[in-house]
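>>> everything below, folded, please.
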Amino acid sequence: MDEVYVDAEYNGAQVSIRPSTPAPGPRSPRSRPHGAVAVSLGLLSVLLLAGLVFLRVHSHALAAKLSSIKANLTERLRVSGDKLSSVSAERDQLKDNFTALSQEMDRLQLLLEQSECCLWAP
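Numbers count the residues shown, from 1 in each chain. Take a look at the predicted model:
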């Protein structure tokens, strides 16, 4: 695309227009930075898109891993709750046995004291 530059001079009532030719050689250096900026922004956009895709895939993998960990911990919690119930039931049974044995010991001691008392009585 050839750009045409026009110089215009105004001298009172006479206007002279003469075409000016662009400088020979490559395009002007002022247009190159715009292209470099456009390419840089394009590359940056591609990198940003790649980063977003990576983060999406990574977050999906982490969500699956966290779901697995949650299921594992839920199962462990259920098993621990079952063990706690079992241990609590055993504790209650031992406490009841201890109470019964204490009462039996007290009764036997009372009988022993009564029998000693009767043996020594005249």
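
>>> Q114: helix or strand, and which one exactly?
helix 32-120 (DSSP states H and E).

>>> list the helices and strands that helix packs on?
The contact analysis (3 or more C-beta pairs under 8 Å, 6 or more residues apart in numbering; DSSP states H and E) places helix 32-120 against no helix or strand. (Each C-beta comes from the backbone N, C-alpha and C, glycine too.)

>>> what mean pLDDT does that helix have?
For helix 32-120, mean pLDDT rounds to 93.

>>> tell me how far it lies from the chain's centre.
Using C-alpha atoms, centre = their mean, to the nearest Å, the mean C-alpha position of helix 32-120 is found 20 Å from that of the whole chain.

>>> number the residues from 31 up from this point.
With 31 as the first residue, the last one maps to helix 62-150.

>>> buried residues of stretch 120-135, list them for me.
Across stretch 120-135, burial judged by 16 or more other C-beta atoms under 10 Å covers no residue at all.

>>> need the residues that contact that stretch.
Residues from elsewhere that reach stretch 120-135 (C-beta atoms under 8 Å, 6 or more residues apart in numbering): none.

>>> may I have that stretch exported as PDB, CA atoms only?
Extracted as PDB, the C-alpha positions of stretch 120-135 are listed here (Å, rounded to 0.1, in the frame of the first residue of the first chain):
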ATOM      1  CA  GLU A 120     -17.200 -52.000  77.500                       C
ATOM      2  CA  ARG A 121     -16.400 -49.200  79.900                       C
ATOM      3  CA  ASP A 122     -20.100 -49.200  81.100                       C
ATOM      4  CA  GLN A 123     -20.000 -53.000  81.500                       C
ATOM      5  CA  LEU A 124     -16.800 -52.800  83.500                       C
ATOM      6  CA  LYS A 125     -18.300 -50.100  85.700                       C
ATOM      7  CA  ASP A 126     -21.400 -52.100  86.400                       C
ATOM      8  CA  ASN A 127     -19.200 -55.200  87.200                       C
ATOM      9  CA  PHE A 128     -17.100 -53.000  89.500                       C
ATOM     10  CA  THR A 129     -20.200 -51.700  91.300                       C
ATOM     11  CA  ALA A 130     -21.600 -55.200  91.700                       C
ATOM     12  CA  LEU A 131     -18.300 -56.600  93.000                       C
ATOM     13  CA  SER A 132     -18.000 -53.700  95.400                       C
ATOM     14  CA  GLN A 133     -21.500 -54.300  96.800                       C
ATOM     15  CA  GLU A 134     -20.700 -58.100  97.100                       C
ATOM     16  CA  MET A 135     -17.400 -57.200  98.900                       C
END
